[in-house]
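J.: 3D model of this:
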Amino acid sequence: SIDPRRQAARNAPAASAADDDDEDDDDKRKADAKDAKPDGGKPRQTPQQTEQQRRRAEKLVRRLGIKMPDRACAVFTETAATTQPAFEPGRRFRACAPAGALHPLNHVQPTWMLQGPPGTLAMRVPVGRGDVTGVTPLLELENHDLLDGDNALIAAAVLQATPGRAVWIVEDESREPLPGWLWHEARTPFLLALAAVALSLWRLMTRFGPREAAPPQARRSMGEQVRGTGQFIAGTDARALHAATRKAFEEAARPRVEAWAERDDADRVAALAQSLAPGTLDAAALLAALHVGGGATKPQILAATAVLEQARRAILRASAARHTS
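T.: Here you go, the predicted model:
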């Protein structure tokens, strides 16, 4: 026969454990009911609650003896371009993490690269007096993931962990707001930018009066255009203006003088003066205006040009009077 008191004492631990489990379940239900949304939506979970659920699921899997599928692992090796191996040269790493595509910027030659059939897992490039190591975004370095394959060795190689070396792991950072940073570090450009924005806004605001009327675009007469062109040519190349005026004079005088081509300038001027009314032309001044030497100054050239132009106009007036009479 079994002593009832011994049987009760033997069952007490199991009963207390069951009571503890019931109390834990009650606490879980109360916490879930507290976090549940009043509109019946999904309960909001904090990161701590998510981590607790993951641990509970792992414990349940271990109790039930369920074997979880292994992660996809691959063998990665240091490339031939590696000049600073993490451990001994030629070491092979079995990584249980997804690989990706990493490429150095500005064609910088990496000093260490871990590559395999799935892709590149990590890469280290020199920057200034140090270096920067880049890894794929899916490389997991948490506590449980470090136990898979050679993930722990890969983490040590990425962090360049050596005895006595400090490793800083930063998850969040706190920095000064952007407006405050601009005010302390770039106050002058910041104020100039604010002034430019204020000026732009002021120009877009409603004006206090009408806009200034645009001046009328008056058209220039033909005479003004010709005189302006002549003044421009006289200011830049007086001899070109003299040559053009002489050509116009000869075109007007040629019909009034017979055998113009066989005569020299002196005979042409004399014959031209005889064909016009007495006192219309000054033969000596006209002959001097036709022959402007190479050493003549700009005012002398312009004076000779004026004489030729006056003679041309006198010829045109005489021709017009002869046709009308």
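J.: for A303, what are its contacts?
T.: A303 is in contact with A289, counting by CB atoms under 8 Å, 6 or more residues apart in numbering. The C-beta positions use only the backbone N, C-alpha and C, and glycine is treated the same way.
J.: Equivalent analysis for the one 5 residues further on, please.
T.: With contacts taken as CB under 8 Å, 6+ apart, L308 has the following neighbours: H242, T245, R246, A248, F249, L286, A289, L290.
J.: Got the phi and psi for the third one?
T.: According to degrees, to the nearest 10, the main-chain angles of R246 amount to phi -60, psi -40.
J.: Go ahead and name everything in contact with the longest strand along the chain.
T.: Counting by DSSP state E, the longest strand found in the chain is strand 119-127. With contacts defined as CB under 8 Å, 6+ apart, strand 119-127 is touched by 76, 84, 95, 97, 99-102, 104, 108-115, 131-136, 139, 154, 157-158.
J.: Quick check: neighbours of the following helix or strand past it in the sheet, parallel or antiparallel?
T.: For strand 119-127, the following helix or strand on the C-terminal side (DSSP states H and E) is strand 130-135. Strand 130-135 has its sheet partners listed here by DSSP bridges as strand 119-127 (antiparallel).
J.: quick one on the thing from earlier: identify those among the contacts of strand 119-127 that sit within strands.
T.: F76, A95, W112, M113, L114, Q115, D131, V132, T133, G134, V135.
J.: so can I have CSV of the residues you listed showing distance to L60?
T.: Formatted as CSV, the ones in strands among the contacts of strand 119-127 follow (distance: CB to CB, whole Å):
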residue, distance to L60
F76, 33
A95, 28
W112, 41
M113, 41
L114, 35
Q115, 38
D131, 44
V132, 42
T133, 38
G134, 37
V135, 32
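J.: What is the nearest of those residues to W181?
T.: V132 (23.6 Å; CB to CB).
J.: So what pairs up with the closest one in the strands?
T.: Residues in beta-bridge contact with V132 (DSSP bridges): V125.
J.: how long is stretch 74-87 from one end to the other?
T.: 19 Å (CA to CA, to the nearest Å).
J.: Check stretch 96-105 too.
T.: First residue to last in stretch 96-105 (CA to CA) measures 27 Å.
J.: and that stretch, how far from the chain's centre?
T.: Its chain's C-alpha centre lies 28 Å from the corresponding centre of stretch 96-105 when counted by CA atoms, centre = their mean, to the nearest Å.
J.: Can you give me the buried ones in that stretch?
T.: For stretch 96-105, burial by neighbour count (16 or more other CB atoms under 10 Å) applies to C96, A97, P98, A99, G100, L102.
J.: Also stretch 130-139?
T.: T133, G134, V135, T136, L139.
J.: how about the helices of the chain, start to end?
T.: 4-35, 47-64, 151-159, 178-185, 187-204, 222-236, 238-253, 265-275, 283-290, 298-324 (DSSP state H).
J.: these two touch, right, L290 and L272?
T.: No: applying CB atoms under 8 Å, one finds L290 not in contact with L272, separated by 11.1 Å.
J.: more crowded one of those two?
T.: Legend: neighbour count by other CB atoms under 10 Å for L290 and L272, higher for L272 (24 against 19).
J.: Now for the residue nearest to G134 when sequence neighbours are not counted, how many residues are close by?
T.: In this structure, G134 finds its nearest non-sequential neighbour in M123, 5.3 Å apart by CB to CB, 6 or more residues apart in numbering. Using other CB under 10 Å, the number of residues around M123 comes to 23.
J.: Check the one 4 residues further on too.
T.: As a burial measure, V127 scores 9 neighbours (other CB under 10 Å).
J.: Also A240?
T.: 12.
J.: Could you tell me how far it is located from H107?
T.: As judged by CB to CB, to the nearest Å, A240 and H107 stand 60 Å apart.
J.: Same check on P118?
T.: 24 Å.
J.: likewise H323?
T.: Noted for H323: a distance of 87 Å to H107, by CB to CB.
J.: ok, now E309?
T.: Distance check for E309 against H107: by CB to CB, it reads 73 Å.
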